[in-house]
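Student: Fold the following, please.
(one chain, ligands or ions: 1)
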Amino acid sequence: MEVKKAGMAESMLDDVESLPRGGFRCRLCHVTVANKPSLDDHLRGKKHQRLESLRSVRQTQELRSVFVSGFRKGTPASELSDYFQTYGEVINVVMDKDKGVYAIVELQDKEVLEKVLAQPQHSLGGQKLRVKPREKKDFKYTQPRKQGSAKREQLSPKKLAQELCQADDVDAQMSLLVQQFEFSEGERRLRDLLVTLFQEVFLEFFPGSAILPFGSSVNGFDVSGCDLDLFLDLEKTKKFQASAKSPIEPLDGVSPEVDSHSEDSILSDIDLASASVPEVLELVATVLRKCVPGVHHVQVVPNARCPVVKFCHKESGLRGDISIDNKLALRNTCFLQLCTEADERVRPLVYAVRHWAKQQVLAGNPFGGGPLLNNYALTLLVLFFLQTRSPPVLPTVARLKELSEDEEQTVVDGWDCGFPKDSAQLEPSCNTENLCTLLAEFFRVFGDYDFVGCVISLREGQPLPVPSILVSEASSKLKLGPLNLQDPFELSHNVAANVNEKTALRFRRCCQAAAKYCRSLQYQRKSSKGKIWGLVRLFQPGTAETEAPAATGLVIGLPLTPALLPAQTREQLCQAGDLHWRWFQRVCSGITFVLKDVLRCSCLKVREGLEREQGEAAERQQGEQQREATAEQPLSAGRKRSLDEEEAAGSSSPSPKRLRTDPSFPEEESMAWDCAVWHKVWLGRRRVRRQLCGPQPDPQCPSGSLELEAKVSEAISWQDGEARPADPLLQFTIHAQAGADASGGLDTRISLRFEPAPEHAAAFQEFFHFLQGFLPRAVEQRLVSEA
Ligand code: UTP
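Tutor: Predicted coordinates:
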């Protein structure tokens, strides 16, 4: 419905669209207003006026510019400018920086432009130039981001945690998360420019084609650095090609400006209508490789569910995909956009869940394929959750269809994709739950979900039992698996079909652990002592491993028994009583010896840290509530967990002998240390060992001895410049736990669970790998030599 009112300029009329219930929308500024007086205010206002004049400047620039190609690579802008000066004044020449094969030449006015275009042939330096008018594009206004985000630098995980901890509550943390992750103005502009560039180039080779972004770049869930998904629509090009072959047929809206039979037309190589998808993608890849400035690592992936050409933009490092057979993705992108506009809680919630899932290695599949949930599937899961709240936060897809107008009824590839264009057409939600609650509930709901027995349907907004859903023809083609999430439009597609049983199980387990944590005060309330709280703990990697500490994660088992001690020492141990505990103590002292004296790590028993902290008066005044909450929180979500627990216990802290560091272990002997590594003592040990031993082995320091190993570490740290750097390379906590056999009797094996500081999680892997081989042998040696 268009508004036609006397006195309004033509462009204004085009900009304004009337909405149901008397509202209006300004397409230029993306502003929706409730009534006519507000519309008039808006149209007279600064924003609208500024954008109108910006649009008119851009349009005039466009109207007097030409797109030039065919010149020698490396031709300077000045040479092009000189050439076109012969027709009239040249205002500006914009060259593509990288490949130097295109330029946009802005001329003084339309008259000069017409003179240039009237010339049948242009040549420069012996090269034939191709000179075309610029494509006319709709002026698009990109909304400025919230204050502060324009110049935002991406924060390190440590800084992000600090920032989040300073927020007032979980809702504020979630909003902050969005601000930190969403595109900066610069990144958005870069993507817009890239899309424009692709459009210019593809139009050159595929007349009538359109390049359309979809996915996270435009669906409202943009995360800085996410890939750029593009759809190359060749429908019009196909029509154009067909009509060019039979010149008698009318060209029904398709511009015949390029002759597809001419020698230099890429279209003369291929018949788009009959070519296979991989063949067309090869052609697209050729255009990308040869003609799109700044693009490299171009690769056709023909066998994916949706075949694509992958590419990378050299300067920005941005990665992207181009597909040619993916119209449904454009539609589901609009659907996701609509959901973000329908309720302001959608974005923060999705960002929080996506970041949590990334940290727990549940979603993302960074290299494509893989058994993890893709981000689209995870986003749908959050939307489904919001549909199922009572009252719902989002309407079901079936309800959206009912709300849509006739012209919005769209069918794509045979699937019903009808939903309103504008969120103003939706009924506002009556749900008043805050973000903190919604996130906790998300984990609770999916921690206990029957993923196998039902299909999650966003169309119906409810789980559909597996046997009954198979009755419908479309759904009967669903590839069922351990997690069944039906695409809201392509009903035969399970978007989580790639998820394997292990990932589905881990997903549930991680949700359970997160739900448990969300019940604690650490989640709900800001720490008054500057400790990590709320989302920060939730985002620490490996939360689910608390459920089965020895089965997965960073665990090293020490399969040691007192049998390795001389008989006399063993007897002494037995006589002293409490063999289990004494053995555990002995092994722990072996562990600290190896870490401190052999590997030159800092190693502070968590108990010691606790005693120091307990000395502080503030620490002693912990409220009863805090204690209860701490006792309830899930374990191993934070490096300082054991300290927190002890604090919560206050004056009734356990005796040092029976310190219980980690209640996820059964009530047994356990101990924990906060450690730091200062030098890369795990690298190049063999070489240093060889240098130290020389041709004549030192009898005082035999090869393989701990003395030699200590010297190796020392030599490595000297190489690094002996003095301790200001910050450690790695920080981590070790939780040692004695085992118990099935009957609860003595089991002398000890397991060590490592918990790296979140910011060191990736780098820690290398050190951990070294420890897996080194530590058990070294501790055993220490026990034997000490006895
Ligand atoms: P992604 O899973 O990459 O989602 O799918 P994303 O939101 O872009 O997240 P990033 O890029 O990983 O951060 C990209 C798009 O592909 C379409 C959807 O439009 C999705 O937004 N898609 C993906 C489907 O249509 N079906 C699928 O099964 C998967």
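Student: How about the residues of the protein by the ligand?
Tutor: With the criterion set to CB under 6 Å from any ligand atom, the chain comes near the ligand through 214-216, 219, 221, 223, 226-227, 229, 328-329, 332-333, 374-376, 379, 495. Where C-beta positions appear, they are placed from N, C-alpha and C, glycine not excepted.
Student: pretty sure Gln512 is touching Leu505, no?
Tutor: No: assessed by CB atoms under 8 Å, Gln512 is found out of contact with Leu505, at 10.7 Å.
Student: name the element the residue of the chain most remote from its centre belongs to?
Tutor: Distance from the centre of the chain peaks at Gln568, with 58.7 Å (CA atoms, centre = their mean). For Gln568, the host element (DSSP states H and E) is helix 567-575.
Student: try Gln61
Tutor: Taking DSSP H and E as the criterion, Gln61 maps to helix 46-63.
Student: What lies in contact with that helix?
Tutor: For helix 46-63, contacts defined as CB atoms under 8 Å, 6 or more residues apart in numbering pick out 11, 26, 28-29, 31, 42, 106, 110, 113, 134, 136-137, 139, 141.
Student: Secondary structure and pLDDT added to the residues you listed, as JSON lines?
Tutor: Below are the contacts of helix 46-63 laid out as JSON lines (DSSP: H, G, I helix; E, B strand; the rest coil; pLDDT from 0 to 100):
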{"residue": "Ser11", "secondary structure": "helix", "pLDDT": "54"}
{"residue": "Cys26", "secondary structure": "strand", "pLDDT": "86"}
{"residue": "Leu28", "secondary structure": "coil", "pLDDT": "85"}
{"residue": "Cys29", "secondary structure": "coil", "pLDDT": "82"}
{"residue": "Val31", "secondary structure": "strand", "pLDDT": "78"}
{"residue": "His42", "secondary structure": "helix", "pLDDT": "88"}
{"residue": "Glu106", "secondary structure": "strand", "pLDDT": "90"}
{"residue": "Lys110", "secondary structure": "helix", "pLDDT": "89"}
{"residue": "Leu113", "secondary structure": "helix", "pLDDT": "92"}
{"residue": "Arg134", "secondary structure": "coil", "pLDDT": "82"}
{"residue": "Lys136", "secondary structure": "coil", "pLDDT": "72"}
{"residue": "Lys137", "secondary structure": "coil", "pLDDT": "70"}
{"residue": "Phe139", "secondary structure": "coil", "pLDDT": "71"}
{"residue": "Tyr141", "secondary structure": "coil", "pLDDT": "65"}
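Student: would you list the residues you listed in a markdown table and tack on distance to Arg689 and neighbour count?
Tutor: Shown next, in a markdown table, are the contacts of helix 46-63 (distance: CB to CB, whole Å; neighbours: other CB atoms under 10 Å):
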| residue | distance to Arg689 | neighbour count |
| --- | --- | --- |
| Ser11 | 78 | 13 |
| Cys26 | 73 | 21 |
| Leu28 | 71 | 22 |
| Cys29 | 70 | 18 |
| Val31 | 71 | 18 |
| His42 | 76 | 17 |
| Glu106 | 68 | 20 |
| Lys110 | 79 | 11 |
| Leu113 | 75 | 23 |
| Arg134 | 68 | 17 |
| Lys136 | 71 | 9 |
| Lys137 | 66 | 12 |
| Phe139 | 68 | 16 |
| Tyr141 | 65 | 16 |
